[in-house]
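[1] here is my input; please provide its structure:
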Amino acid sequence: MKKVGRMVWNGLLYFQKGFIIIAGCIVTVLIFIEVMLRYVFGSPLFGVEEMVTLIAMWLYFLGASYGAYERSHIKAELVHLWFKEAKSLARVNAFSSLITVVLSLIMVSWSYPYFVWGIEKGETSQALLLPMVLSQSAIFFGAILMSIYFIAELVDNILESFGRAPFFKNLAGEEEVA
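    Next up, the predicted model:
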């Protein structure tokens, strides 16, 4: 079971990494082409801004979720200055993770109606007539992924507060932190 879990976990991460790299390259190329066409040749390409916006929305939210996985999201941590003992620090980190999970689940609950509204409205972009829900859905699915990774961090912090090894850090095959 752990092997299947590791395959799913790593598969999702490889998909995210691959998408982030490919999407970043596509956005860069599209912006370069648009700049060249507009300012060098004096003739802009129709609809490039819409394509860039669509890809950039997914790039941003999958990037944010990957940051949550890496646990490199923005934090203002000064707690280590007050709590020197590892278990005490782990308990404070667990509480902090709990707050983060609650907030990320609130984000999911707010983004879901927006996602459904986008499906129901059936809006399209002005130039290319792309369904707007394609970019709106990035918020919902990104929030789900962030919540999953924040829950994993919470579980690891709870385990560490009881002196046990983290589960999810080790699930991805990373070194065990003592």
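[2] okay, CA-based contacts and neighbour counts for the rest of this
    OK.
[3] neighbours of Glu34, how many?
    Glu34: 20 surrounding residues under other Cα atoms under 10 Å.
[4] could you pull up phi and psi at it?
    With angles defined as degrees, to the nearest 10, Glu34 sits at phi -60, psi -40.
[5] next, the contact list for it, please.
    Pro44, Leu45, Val48 (Cα atoms under 8 Å, 6 or more residues apart in numbering).
[6] which one (most neighbours) among these?
    Highest count within the contacts of Glu34 by other Cα under 10 Å belongs to Val48, 17 neighbours.
[7] excluding chain neighbours, what is closest to the spatially most central residue of the chain?
    The chain has Ser65 as the residue nearest its centroid, 1.5 Å off, counting by Cα atoms, centre = their mean. Leaving aside its sequence neighbours, Ser65 sits nearest to Met146 (Cα to Cα, 6 or more residues apart in numbering; 4.5 Å).
[8] swap in Trp58?
    Using Cα to Cα, 6+ apart and skipping residues adjacent in sequence, the residue nearest Trp58 is Ala138, 5.1 Å away.
[9] mind giving me the packing neighbours of the one helix or strand that neighbour maps to?
    In this structure, Ala138 sits in helix 133-161 according to DSSP states H and E. When contacts are defined as 3 or more Cα pairs under 8 Å, 6 or more residues apart in numbering; DSSP states H and E, helix 133-161 sits against helix 48-70, helix 86-121, helix 168-171.
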